[in-house]
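1. need a structure here:
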Amino acid sequence: MSAVRVLVVEDEATAAQAHAEYVGRVDGFEVVAVARSAGDAARVLGREPVDLVLLDMHLPDGHGLGLVRSMRAAGHLCDIIAVTSARDADVVRQAVAHGVVLYLLKPFTYPTFRAKLEQYAAYRASLAGGGQEFAQEEVDGLLGSLRAPVAAPLPKGMSAETLRDVTQAVRQADRALSATEVAERVGASRVTARRYLEHLADAGRLERAPRYGGTGRPEVEYRWRG
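-> Next comes the predicted model:
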């Protein structure tokens, strides 16, 4: 079976590069292009065959759902996986209504990303392996392969809820924050906040920098990339 041709649509340069690199590390997938806006994505779709779009919902020239609608209107039937921080229930509902097959919330680790692509690959393999018609149990299994939950393999002792809170605290801040400042915002200890901050920095989501000006050793501060 030929490789799944993937278009990455992501406006943040660091995230776009990371997603493209992640795709390249999963067997059976290849990146055909990276688009930083809805307009760029539409131009790629007009000239390149694409099987799968990894779509951020927050784009500089419009919402991702607008791009999905224009894709469908233009006859592009490629599958879509939302890769986004958009958690609004209405956005999720509309995404499903427009044929988004999977929804991956930021932030995530590479193993979680890989698991989603492997889940999608299993779905495609089931389609390719079927005959001209499916029995009911085959249809149920096909759709169930897309709906099966994928556990996020966080390091031992870390929770998805705290990771989300720390991520939101840094992303919504108008300046870089120290571990102490993040701990105050999320209601955790400084040690706990620093562990999550270091995890996000190691994953390429945060930038680290020393903060000077106080007494003693400089404190590390963290800023959202992009």
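
2. and Leu102, how many neighbours?
-> 20 (other Cβ atoms under 10 Å). Heads up, the C-betas are built off the backbone N, CA and C, glycines and all.

3. That one sits in which helix or strand?
-> Using DSSP states H and E, Leu102 maps to strand 100-105.

4. That strand - contacts with which helices or strands?
-> Contact partners of strand 100-105 among helices and strands, from 3 or more Cβ pairs under 8 Å, 6 or more residues apart in numbering; DSSP states H and E: strand 79-84, helix 89-97, helix 110-129.

5. Just the CA coordinates for the first one, please, in CSV.
-> Just to be clear, that refers to strand 79-84. Output of strand 79-84 as CSV, limited to C-alpha atoms (Å, rounded to 0.1, in the frame of the first residue of the first chain):
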residue,chain,number,x,y,z
ASP,A,79,-9.7,12.9,5.5
ILE,A,80,-9.1,15.5,8.2
ILE,A,81,-7.6,15.1,11.7
ALA,A,82,-8.0,18.3,13.8
VAL,A,83,-4.7,19.1,15.6
THR,A,84,-5.7,22.0,17.7
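
6. Kindly point out the strands partnered with that strand and how each is oriented relative to it.
-> Partners of strand 79-84 in the sheet, by DSSP bridges, are strand 52-55 (parallel), strand 100-105 (parallel).

7. Those strands: lowest mean pLDDT?
-> When the strands paired with strand 79-84 are compared by mean pLDDT, strand 100-105 comes last with a mean of 90.

8. who's in contact with the residue nearest in space to the middle of the chain?
-> In the chain, the C-alpha nearest the mean C-alpha coordinate belongs to Val83, at 3.1 Å (Cα atoms, centre = their mean). Val83 is in contact with Glu10, His19, Leu54, Leu55, Asp56, Leu104, Lys106, Phe113, counting by Cβ atoms under 8 Å, 6 or more residues apart in numbering.

9. cool, Ala193 as well?
-> Taking Cβ under 8 Å, 6+ apart as the test, what Ala193 contacts is Val166, Ala179, Thr180, Val182, Ala183, Val186.

10. Where does pLDDT dip in the chain?
-> The chain contains residues with pLDDT under 70 at 1, 126, 128-132, 134-135, 137-138, 140-153, 160, 214-216, 226.

11. domain parsing for it?
-> Per automatic domain parsing, the structural domains of the chain span 4-147, 160-224.

12. Can I get the ones you listed in JSON lines including distance to Leu154?
-> Shown next, in JSON lines, are the domains of the chain (distance: least, Cβ to Cβ, whole Å):
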{"stretch": "domain 4-147", "distance to Leu154": "7"}
{"stretch": "domain 160-224", "distance to Leu154": "6"}
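
13. My read is that Arg124 contacts Val4, right?
-> Yes - contact between Arg124 and Val4 holds when scored by Cβ atoms under 8 Å: they sit 6.9 Å apart.

14. Pick out whichever of these two has more residues nearby.
-> Val4 (20 against 16).

15. Torsion angles phi and psi at the more buried one?
-> When read as degrees, to the nearest 10, the backbone of Val4 gives phi -70, psi 120.

16. cool, and the one 4 residues further on?
-> The main-chain torsion angles of Val8 are listed as degrees, to the nearest 10 and equal phi -90, psi 120.

17. ok, back up a step: work out the gap between the strand holding Leu102 and the centre of the chain.
-> 8 Å (Cα atoms, centre = their mean, to the nearest Å).

18. What residues sit buried inside it?
-> Residues Val100, Val101, Leu102, Tyr103, Leu104, Leu105 are the ones in strand 100-105 that count as buried (16 or more other Cβ atoms under 10 Å).
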